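In: coords below, sequence missing:
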Ligand SMILES: [Zn+2]
């Protein structure tokens with residue numbers, strides 16, 4: 001009996017130790033699982049957040065594209081209405097540069113002549129050149145780059161007739177649709193036509 005009493009506590013300790021070992025093992029296993037779960041969730045969260053920012057970036061890109069498309073569409077409609085032009089367009093017009101004059105023998109290019117009426121003498125506008133100063137000046141036309149700042153349009157006669165006044169940034173007055181161009185090359189063709197007419201002024205000089 002006495003021996004049994006001696007044995008008993010030791011057996012209990014062994015049992016307790018085994019139980020503790022078992023529990024410890026289970027706890028460690030469970031903690032390990034939880035930790036793995038946590039790591040997986042953290043990785044998943046950063047992956048999703050990356051995906052979210054990529055999606056946001058894509059949405060922003062699409063919105064920009066849509067805005068650009070709408071702007072271009074609006075401009076296309078405006079060009080259809082305004083003879084191929086809209087505000088902000090870079091255009092070219094034929095700018096005249098004075099290169100010579102047809103000499104006036106009557107006034108010697110002073111545009112005034114002495115007239116006498118009875119005993120009185122006075123200066124009068126030259127009858128040969130005063131009113132035709134432009135046609136007696138020879139110009140050379142060259143394409144000049146400019147920007148459209150305003151377009152006025154007039155429609156009348158049931159919409160049959162239309163007139164456009166196109167204003168440019170650095171040119172005085174308005175330009176008509178047929179006299180301004182979207183490329184320097186097209187404008188040069190127009191300048192060449194005008195310059196031929198200018199040369200006819202010279203040949204008519206003699
Ligand atoms: Zn004259």
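Out: Yep, that arrived. Because the structure is a prediction, the values reported are computed rather than measured.
In: use CA for all of it now, contacts and neighbours both
Out: Fine.
In: Low-confidence ranges, this structure, go.
Out: Across the chain, the ranges flagged by pLDDT under 70 are 1-9, 204-206.
In: SS state for the residue nearest the centre of the chain?
Out: Nearest residue to the geometric centre of the chain (C-alpha atoms, centre = their mean): residue 88, 7.7 Å. Following DSSP: H, G, I helix; E, B strand; the rest coil, we place residue 88 in the coil state.
In: Let me see the backbone angles for it.
Out: The phi and psi torsions at residue 88 (degrees, to the nearest 10) take the values phi 100, psi -10.
In: Does it touch residue 146 like I think?
Out: No. Using C-alpha atoms under 8 Å, residue 88 is not in contact with residue 146, being 9.6 Å away.
In: rewinding a little: in what element of secondary structure is the nearest residue to the residue nearest to the centre of the chain once chain neighbours are set aside found?
Out: Of all residues beyond its chain neighbours, the one nearest residue 88 is residue 148 (5.2 Å), with distances taken as C-alpha to C-alpha, 6 or more residues apart in numbering. Using DSSP states H and E, the element containing residue 148 is strand 137-156.
In: Name the strands paired with that strand and say parallel or antiparallel.
Out: strand 90-101 (antiparallel), strand 161-168 (antiparallel) (DSSP bridges).
In: near the ion at all, it?
Out: No. Judged by C-alpha under 5 Å from the ion, strand 137-156 stays clear of the ion, getting no closer than 11.9 Å.
In: What residues sit buried inside that strand?
Out: By 16 or more other C-alpha atoms under 10 Å, the buried positions in strand 137-156 come out as 137-148, 151.
In: Can you name the residues of this protein sitting close to the ion?
Out: The chain comes close to the ion at residues 104, 106-107, 111, 126, 129, as judged by C-alpha under 5 Å from the ion.
In: where along this protein do the helices fall?
Out: For the chain, applying DSSP state H gives helices covering 2-81, 184-203.
In: tilt between the first one and strand 161-168?
Out: Okay, so that is helix 2-81. 120 degrees (axes from the mean of the first three to the mean of the last three C-alpha atoms, to 10 degrees).
In: Give me the neighbour count for the residue nearest to residue 139 when sequence neighbours are not counted.
Out: Leaving out its chain neighbours, the residue that sits closest to residue 139 by C-alpha to C-alpha, 6+ apart is residue 98, at 4.4 Å. When counting by other C-alpha atoms under 10 Å, one arrives at 11 neighbours for residue 98.
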